[in-house]
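S.K.: Fold the following and give me the result.
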Amino acid sequence: MSSGLSQAEAFLREHPELQFVDLLIADMNGIVRGKRVDPSALTKVFDKGIALPASIFALNIQGTTVEETGLGLDIGEADRICMPVPDTLSMEPWQKRPTAQLLMTMFELDRETPFFADPRVVLQRVISRFDELGLTPVTAFELEFYLIDQENISGRPQPPKSPISGKRPASVQVYSIDDLDEYAEFLADVLDAAHEQSIPADALVAESAPGQFEVNLHHVDNPMYSCDHATLLKRLIKNMAYDHEMDTTFMAKPYHDQSGSGMHLHISLVDDKGHNIFAGDPEQPNDMLRWAVGGLLATMNDAMALLCPNINSYRRFSPEFYVSSAPTWGLDNRTTALRIPGGDPEALRIEHRVAGADANPYLLMASLLAGIHYGITHKIEPPPITEGNAHDQHEASLVNNLRDALRNLESSEVMREYLGENFLDIFVACKEHELNEFEHTISDLEYLWYLHTV
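M.R.: Alright, predicted model coming up:
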């Protein structure tokens, strides 16, 4: 009997009250999709998997199949087989009826060949490059999000009323303990539920806008686990907010005059003896750290469509909101794209600060690890360290729109080599379809400006 199958049987014995099991798989946008099954089907799922159409990875942000990918009608909406991801079976604390969840990943019909378009498979392709070097990435996400009211104003979000004071937050109070107190029950339930699901969330911080918070995940020595944790945490936060009669958004820029929401990623590399190869004096970074930074900066424009995958993503870039518009790096400098945090020299790491909270964690991780591996293996030297305000010293040179970002990604030899040509073709087709539909939509602002004036 496989270890997964025995785990499933043990889980069923431990939870005789179980009524449903959600089988989850993250699509190209990081949106969790799947099936809900009866607990009696769980052992069969572990043994034989479940069938889902390959077109699940051809869905745009609206959930519509993009036929240009070739994964829809061209192959008859054919199924592939999804198998369980080990050690991801857990209860869903927010459900009124006892329900469990299980992450899945897609294979070809032989159940052995990973399906090329699954973001988990794309990430594993890059991780294997580090296995060949005898190195293990140690990673941790920081996720920013907004609590919003379940009632919008003319389709636009607004902060929720505080359960304590009954007032809507309006002030900008970064790191405010009072703001944490206002939503204490919700935030405590998020951390409790995360621990119940073995998601290593270890801190919550009030961020720099009304209703905005950041949750930190503890570092782990498997990048895939980091992405699993981030994906499941987003789902947990959304559902826990519903329980508290609120809503949430991980949209990169929900308010034009407030900070956007980012997804920062901390990365170090350890060798087969567990030694951090970036360790040392941050004032004189060693070769490995410099080359890793060099690779990340050299490929940053190539990867922007994966770091900022939506039209709204690019509205987040603004100097006053600590989002760099140039490929820069600095020591303990939050105005740069890459920050080398201070502290323990043995824990030296890179903090990547460009991606939005709307990014797919698996694809974000894959693109950054690709840049690091490329930098190390090609010994890419970075530009000089930036001291002081990077916005005052560097012209904006990162692409600032999705159209150009997709062109850069499509023509990037580095990203095609690391992530796979077939995968990139599908990703670009999905996003170009969204972009074309958006650009053909006439906005309210266009009517306001042009209807009676031209």
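S.K.: Give me the nearest residue to L424, chain neighbours excluded.
M.R.: R416 (5.8 Å; Cβ to Cβ, 6 or more residues apart in numbering). C-beta: built from backbone N, CA, C; applies to glycine.
S.K.: Please identify the helix or strand for that neighbour.
M.R.: When elements are assigned from DSSP states H and E, R416 belongs to helix 413-419.
S.K.: before we move on, what about I380?
M.R.: I380 is part of no helix or strand, with elements assigned from DSSP H and E.
S.K.: that older thread, correct me, but the residue nearest to L424 touches D425?
M.R.: No - R416 is beyond contact range of D425, at 9.2 Å (criterion: Cβ atoms under 8 Å).
S.K.: what is in contact with the two at once?
M.R.: Here R416 and D425 share no contacting residue, scored by Cβ atoms under 8 Å, 6 or more residues apart in numbering.
S.K.: sorry, back to before: now do the residue nearest to L424, the pLDDT please.
M.R.: Looking at R416, its pLDDT stands at 98.
S.K.: Equivalent analysis for Q150, please.
M.R.: 92.
S.K.: repeat for S208
M.R.: 73.
S.K.: buried stuff in stretch 406-425?
M.R.: Neighbour-count burial for stretch 406-425 flags 406, 408-410, 412, 414-416, 418-420, 423-425 (criterion: 16 or more other Cβ atoms under 10 Å).
S.K.: Using PDB, write out the CA atom coordinates for the helix holding R416.
M.R.: What follows is helix 413-419, C-alpha atoms only, in PDB (Å, rounded to 0.1, in the frame of the first residue of the first chain):
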ATOM      1  CA  GLU A 413      15.400  32.600 -24.700                       C
ATOM      2  CA  VAL A 414      16.200  32.300 -21.000                       C
ATOM      3  CA  MET A 415      12.600  31.800 -19.900                       C
ATOM      4  CA  ARG A 416      11.800  29.500 -22.800                       C
ATOM      5  CA  GLU A 417      14.800  27.300 -21.800                       C
ATOM      6  CA  TYR A 418      13.900  27.100 -18.100                       C
ATOM      7  CA  LEU A 419      10.100  27.100 -18.200                       C
END
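S.K.: Would you quantify the distance from the residue most central in space within the chain to A298?
M.R.: By Cα atoms, centre = their mean, the chain has its centre lying nearest to P361, at 2.7 Å. P361 sits at a distance of 23 Å from A298 (criterion: Cβ to Cβ, to the nearest Å).
S.K.: Just after the helix or strand harbouring R290, pick out the following helix or strand.
M.R.: For R290, the host element (DSSP H and E) is helix 287-298. Downstream of helix 287-298, the next assigned helix or strand under DSSP H and E is helix 300-307.
S.K.: For that following helix, give me every contacting residue.
M.R.: Residues outside helix 300-307 that contact it (Cβ under 8 Å, 6+ apart): 313, 327, 337, 354-356, 359-360, 363-364, 366-368, 370-371, 397-399, 402, 405-406, 408-409, 412, 414-415, 427-428, 431.
S.K.: From the residues you listed, which land in helices?
M.R.: Among these, the ones falling in helices (DSSP state H) are 363-364, 366-368, 370-371, 402, 405-406, 408-409, 414-415, 427-428, 431.
S.K.: is it true that T43 lies in a helix?
M.R.: Yes - counting by DSSP: H, G, I helix; E, B strand; the rest coil, T43 falls inside a helix.
S.K.: so what's it scoring on pLDDT?
M.R.: pLDDT for T43: 94.
S.K.: So the nearest residue to it once chain neighbours are set aside versus I25, what's the distance?
M.R.: Residue nearest to T43 in three dimensions, not counting chain neighbours: A8, with 5.3 Å by Cβ to Cβ, 6+ apart. Separation of A8 from I25 (Cβ to Cβ) stands at 17 Å.
S.K.: which ones are touching P84?
M.R.: Counting by Cβ under 8 Å, 6+ apart, P84 touches G4, V45, F46, G49, L102, L103, M104.
S.K.: typed the wrong thing, it's D272
M.R.: The contact partners of D272, by Cβ under 8 Å, 6+ apart, come to G134.
S.K.: who does the strand or helix carrying L269 touch, helix- and strand-wise?
M.R.: Secondary structure from DSSP H and E places L269 in strand 263-270. Judged by 3 or more Cβ pairs under 8 Å, 6 or more residues apart in numbering; DSSP states H and E, strand 263-270 is in contact with strand 136-148, helix 287-298, strand 350-352, helix 361-378.
S.K.: Out of those, which gets nearest to S318?
M.R.: With Cβ to Cβ as the measure, strand 136-148 is the member of the helices and strands packed on strand 263-270 nearest S318 (14.6 Å).
S.K.: so where do the helices sit in the protein?
M.R.: 3-14, 42-48, 119-133, 177-182, 184-196, 223-243, 287-298, 300-307, 361-378, 390-393, 402-411, 413-419, 421-439, 444-450.
S.K.: any idea which of the ones you listed scores lowest on pLDDT?
M.R.: helix 177-182 (a mean of 68).
S.K.: How many neighbouring residues does the residue lying closest to D287 once chain neighbours are set aside have?
M.R.: Nearest residue to D287, sequence neighbours excluded (Cβ to Cβ, 6+ apart): K379, at 7.6 Å. Residues lying near K379 (other Cβ atoms under 10 Å) number 12.
S.K.: again, but for T113
M.R.: A count of nearby residues for T113, using other Cβ under 10 Å, gives 12.
S.K.: same question, T69
M.R.: Count around T69 with other Cβ under 10 Å applied: 25.
S.K.: wait, isn't it in contact with A429?
M.R.: Yes - if you go by Cβ under 8 Å, T69 and A429 touch, sitting 4.8 Å apart.
S.K.: which residues are common contacts for these two?
M.R.: A58.
S.K.: related to what we said a few turns ago, so which of the helices of the chain is nearest G63?
M.R.: Within the helices of the chain, the stretch nearest G63 is helix 421-439; the backing value is 11.5 Å (Cβ to Cβ).
S.K.: returning to what we had before: measure the residue nearest to L424 to N422 for me?
M.R.: Relative to N422, and taking Cβ to Cβ, R416 is found at 10 Å.
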